[in-house]
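Trainee: Build me a model from this:
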Amino acid sequence: MLRMAILGVGWAGTRHVEAIRELGCKVTVDCLVDHDAEFLKTKSEELGIQKTYTDMDRALADSDVDAVSICLPHALHCDTAVAAASAGKHVLCEKPIALAVEEATQMIRAADEAGVKLYVAENLPYTPMSQFLSEIVQTGNYIGEVVSASFSGGFRAQPAYAYPGRRAWLSAPELGGTGTWMLHGIHSMAQLRFILGEVETVYMREHHAGSFARSDVEGTMHGLLTMEGGFGVSVTQTCEIRLRGTLGGYVIHGDRGSIRAMQKGCEVFGEDVAERPLHLDYPELARSDYAMEMAAFADYIETGEPGPTSARGERRSLAVVQAGYESAQSGQPVYLKTRFGELSS
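Mentor: Okay, the predicted model is just below:
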């Protein structure tokens, strides 16, 4: 059993404990770590885990700890991962892997040099929707070869883009938080890459509706990705729009048909179906996406074969997001290989 220290026991840390318990094998929680002693005591009692630390260095020095799960503010990911790797601990890091590609590269290098594994807790590629659409794109079933696609994701923030309580930092740049393109778009880009393949060029623009209460973060990011497969993907990531019903999700057009995909199911239009669209539900999976990402982390340590959300893979997701911000600022497209070099190494 891989013995894990959970660093930060807010929403994400608690979800990691629940995922490990759902998995029921491969991984166990050794201890909880949080700087807030009173909160830590409450969570320890709530989760039934007695061993705790308020000092991360003590957890990293604990010989009973094989790996750490980093569930801390995003600005702390890089330094924490480097420290954990230097202490000989495997690292599972919440998304985004870091706030800049350069930081992600530093984390990857530290893990490689220490001989430990670094993996990213990004759940969307493990969902039934992602698994189903990836297979459709790879096999050409129903739609044939992909010609173009679009994605829309997000929500309408009311009354303002903000998070309550201990999660307030998520939307506060001065505390290491970010706007919706990084906070939610990193999820979307990980899923999009898993389904449609690697991104080559990023061209994005930023928008603020008159009703959007904040000027320090983006309201909507929209634009075009060109893929290494040669087709384009129109992207909208927003916290200004209420995407009701079938308005959010993917539309993927192929040379033999099209598919409109939402979180809970999809519609297929094309040569291989009747005149009316074919409604399909996604196959149910035995485990939740959170439990599957935990299993993938443990398998990576055991076999050396990375799963869908490897550190190098999620550095690519981060590169798309970072390039999106840079494109919106410059008004020009960003060619990822020119901007960041070879991201697979």
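Trainee: for stretch 152-165, the distance to its chain's centre please.
Mentor: In terms of C-alpha atoms, centre = their mean, to the nearest Å, the centre of stretch 152-165 is found 18 Å from the chain centre.
Trainee: err, stretch 163-180, not the other one
Mentor: 17 Å.
Trainee: same deal with stretch 184-201?
Mentor: That offset, for stretch 184-201, works out to 9 Å (C-alpha atoms, centre = their mean).
Trainee: list the buried ones in that stretch?
Mentor: By neighbour count on 16 or more other C-beta atoms under 10 Å, the buried set for stretch 184-201 is 184-197, 199, 201. Yep, even glycine has a C-beta here, placed from its N, CA and C like the rest.
Trainee: Among those, name the ones in strands.
Mentor: Among the buried residues of stretch 184-201, DSSP state E puts 199, 201 in strands.
Trainee: for the buried residues of stretch 184-201, which one is nearest residue 241?
Mentor: Here the nearest of these to residue 241, counting by C-beta to C-beta, is residue 184; it sits at 12.4 Å.
Trainee: Just to check, the closest one is in contact with residue 243?
Mentor: No: if you go by C-beta atoms under 8 Å, residue 184 and residue 243 don't touch, sitting 12.0 Å apart.
Trainee: joint contacts of those two?
Mentor: Taking C-beta atoms under 8 Å, 6 or more residues apart in numbering as the contact rule, the neighbours common to residue 184 and residue 243 are 153, 154.
Trainee: ok, which stretches of the stretch 151-300 of the chain are helices?
Mentor: Along the stretch 151-300 of the chain, the stretches classed as helices by DSSP state H, counting those that start in this stretch are 180-183, 185-196, 289-303.
Trainee: tell me what the second one is packed against?
Mentor: Contacting helix 185-196 under the criterion 3 or more C-beta pairs under 8 Å, 6 or more residues apart in numbering; DSSP states H and E are the following elements: helix 128-139, strand 146-154, strand 199-207, strand 220-227, strand 232-238, helix 311-330.
Trainee: helices or strands up against the last one?
Mentor: The reference is to helix 311-330. When contacts are defined as 3+ C-beta pairs under 8 Å, 6+ apart, helix 311-330 sits against helix 101-114, strand 118-121, helix 180-183, helix 185-196, strand 199-207, strand 220-227, strand 334-335, helix 336-340.
Trainee: can you state the direction angle for it and helix 185-196?
Mentor: 120 degrees (axes from the mean of the first three to the mean of the last three C-alpha atoms, to 10 degrees).
Trainee: Using PDB, list the CA coordinates for helix 311-330.
Mentor: Taking C-alpha atoms only, helix 311-330 is exported to PDB below (Å, rounded to 0.1, in the frame of the first residue of the first chain):
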ATOM      1  CA  ALA A 311       3.200  15.700 -15.300                       C
ATOM      2  CA  ARG A 312       4.500  16.200 -18.800                       C
ATOM      3  CA  GLY A 313       1.000  15.900 -20.200                       C
ATOM      4  CA  GLU A 314      -0.500  18.400 -17.900                       C
ATOM      5  CA  ARG A 315       2.400  20.800 -18.600                       C
ATOM      6  CA  ARG A 316       0.900  20.800 -22.100                       C
ATOM      7  CA  SER A 317      -2.500  21.700 -20.700                       C
ATOM      8  CA  LEU A 318      -0.800  24.500 -18.700                       C
ATOM      9  CA  ALA A 319       1.000  25.700 -21.900                       C
ATOM     10  CA  VAL A 320      -2.300  26.100 -23.700                       C
ATOM     11  CA  VAL A 321      -3.700  28.200 -20.800                       C
ATOM     12  CA  GLN A 322      -0.600  30.300 -20.500                       C
ATOM     13  CA  ALA A 323      -0.500  30.800 -24.200                       C
ATOM     14  CA  GLY A 324      -4.100  31.900 -24.100                       C
ATOM     15  CA  TYR A 325      -3.400  34.600 -21.600                       C
ATOM     16  CA  GLU A 326      -0.300  35.700 -23.700                       C
ATOM     17  CA  SER A 327      -2.300  35.700 -26.900                       C
ATOM     18  CA  ALA A 328      -5.200  37.800 -25.400                       C
ATOM     19  CA  GLN A 329      -2.600  40.300 -24.200                       C
ATOM     20  CA  SER A 330      -0.700  40.500 -27.500                       C
END
